[in-house]
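# quick one, fold the following:
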Amino acid sequence: MTNFEFVFSLLGILLGLALAEVLGGLARVVKRRPTLRLGTPTALLASWAILEIVLFWRVAWRTRDFLPDTSPALLVGFAITALYYFAGALLFPDDLELRETLDDYFMQEKAKVVGALLAAAVIAYGARPLVMGPASWSYMTWFDLTALASMFVSAVVAILTKERRVAVASLSILVLIDVLDPIQTIFWPN
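This is a model prediction of the structure:
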């Protein structure tokens, strides 16, 4: 077993559980339709959570040749994947049968969900040079750096805003950034 296989066995479980939380929540909402309306804000937040979790899977794969089998590597990886799970678990309320829409719940919990996803990204990007060395930034294209800066600004706006329209606009940007990621790799593979 390689160091990567050892560390990723834990991370993969948590990432899978995080995806299961989001997809399970979406399935429960779909089952309650038409008496329960998902709403654009929650749909965008769920989409961004799914995209971030899936794209982190690729980020983790890039560390396969560098990842040590140390306690710090395990704990940092656990912190990142635990934040993804936390975000997925908070995305949908437990009391769906009492609701007609998820818009109020979204406004109540969006800061925690977006904050957890943003914190995971901060830890992941902060740990990159520690795991991969200074060369970790050589993987980053101008698009990656621009997308990263845009992600941080949009996520902070989404966390702080009290206006649903501003939150929707910020989440739309976040989803667009992640949707463009696989497209940009066609033009700037690394």
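# please tell me how far residue 113 sits from residue 52.
For residue 113, the distance to residue 52 (Cβ to Cβ, to the nearest Å) stands at 11 Å. Heads up, the C-betas are built off the backbone N, CA and C, glycines and all.
# skipping its backbone neighbours, what lies nearest the residue nearest in space to the middle of the chain in space?
Centroid check for the chain by Cα atoms, centre = their mean gives residue 52 as the closest residue, at 3.1 Å. Of all residues not flanking residue 52 in the chain, residue 117 sits nearest, at 5.3 Å (Cβ to Cβ, 6 or more residues apart in numbering).
# can I assume the one you found is in contact with residue 86?
No - using Cβ atoms under 8 Å, residue 117 makes no contact with residue 86, being 9.3 Å away.
# neighbour count: those two, which is higher?
Each of residue 117 and residue 86 has its neighbours counted (other Cβ atoms under 10 Å); residue 117 has more, 28 against 19.
# how about the more buried one, what does it touch?
Going by Cβ atoms under 8 Å, 6 or more residues apart in numbering, residue 117 touches 48-49, 52, 83-84, 87, 155.
# count the residues that sit near residue 164.
If you count neighbours by other Cβ under 10 Å, residue 164 ends up with 16.
# quick check: it touching residue 102?
No - counting by Cβ under 8 Å, residue 164 does not reach residue 102; the two are 11.7 Å apart.
# anything in contact with each of the two?
Shared contacts of residue 164 and residue 102, counting by Cβ under 8 Å, 6+ apart, come down to residue 41.
# check what pLDDT residue 188 gets.
For residue 188, the model assigns a pLDDT of 65.
# for the chain, which segments count as helices?
3-32, 40-62, 71-90, 103-132, 142-160, 164-187 (DSSP state H).
# export those helices to CSV and tack on distance to residue 97?
Output for the helices of the chain, formatted as CSV (distance: least, Cβ to Cβ, whole Å):
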stretch, distance to residue 97
helix 3-32, 7
helix 40-62, 16
helix 71-90, 18
helix 103-132, 13
helix 142-160, 28
helix 164-187, 23
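# from residue 158, how far out is residue 175?
On the measure of Cβ to Cβ, residue 175 and residue 158 end up 11 Å apart.
# more neighbours, the two?
Neighbour count, other Cβ under 10 Å: between residue 175 and residue 158, residue 158 has more, with 28 against 20.
# what separation is there between the closest residue to residue 184 other than its chain neighbours and residue 182?
Nearest in space to residue 184, with sequence neighbours left out and distances taken as Cβ to Cβ, 6+ apart, is residue 143 at 4.6 Å. Using Cβ to Cβ, residue 143 is found at 12 Å from residue 182.
# who's more crowded, those two?
residue 143 (16 against 12).
# show me the shaky parts of the protein.
Residues of the chain meeting the criterion pLDDT under 70: 188-190.
# and residue 96, which of the helices of the chain is closest to it?
helix 3-32 (5.5 Å; Cβ to Cβ).
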